[in-house]
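In: pasting the sequence and the predicted model now:
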Amino acid sequence: MSLPETLVPALAATPTTRDKDARETSTGCRERATADTARSLVMDTANGRLIFEKSAANWTKRADMLHRIETGIEARLRAPQPVAQLQVELTTAEIAEDAAFVRFG
């Protein structure tokens, strides 16, 4: 069985299980999904193909979730930031005027 030419590089560049950085980005998860899809095509048994197809589907779901999170973070960073509240200093006369209206119980 021969692989489509587009999947040969994915199979050669299979990420390792210790590659945690790749698991934390949508791009890395998509690369792992592509690699697992390529592996499923060269499996001799139906069970082997099924395992890698399920793995590829799970990596794709994770990539989609991380992509939504990444784009949400980017959107919040681009959003206009609230204007800091103005700090107003009262003069002595203004403080005295305000105190005149205070009623003590």
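Out: In hand now; what should we look at?

In: sketch out the low-pLDDT regions of this protein for me.
Out: 1-20, 83-86, 102-105 (pLDDT under 70).

In: what's near enough to touch the most centrally placed residue in it?
Out: Closest residue to the average C-alpha location of the chain: L66 at 3.2 Å, with C-alpha atoms, centre = their mean. Neighbour list for L66: 24-26, 29 [criterion: C-beta atoms under 8 Å, 6 or more residues apart in numbering]. All C-beta atoms are positioned from the backbone trio N, CA, C, and that covers glycine.

In: any chance of the residues you listed in a markdown table with neighbour count, distance to A56 and secondary structure as columns?
Out: Output for the contacts of L66, formatted as a markdown table (neighbours: other C-beta atoms under 10 Å; distance: C-beta to C-beta, whole Å; DSSP: H, G, I helix; E, B strand; the rest coil):
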| residue | neighbour count | distance to A56 | secondary structure |
| --- | --- | --- | --- |
| E24 | 11 | 18 | coil |
| T25 | 14 | 17 | coil |
| S26 | 18 | 15 | helix |
| C29 | 23 | 10 | helix |
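
In: ok, so of the residues you listed, who is nearest G48?
Out: Nearest to G48, judged by C-beta to C-beta, of the contacts of L66 is C29 at 21.4 Å.

In: okay, and the closest residue to that closest one other than its chain neighbours sits in which element?
Out: Leaving aside its chain neighbours, C29 sits nearest to A63 (3.6 Å; criterion: C-beta to C-beta, 6 or more residues apart in numbering). Element membership of A63, judged by DSSP states H and E, is helix 46-78.

In: ok, back up a step: of all the contacts of L66, which comes closest to A96?
Out: Within the contacts of L66, the smallest distance to A96 is 59.4 Å, found for E24 (C-beta to C-beta).
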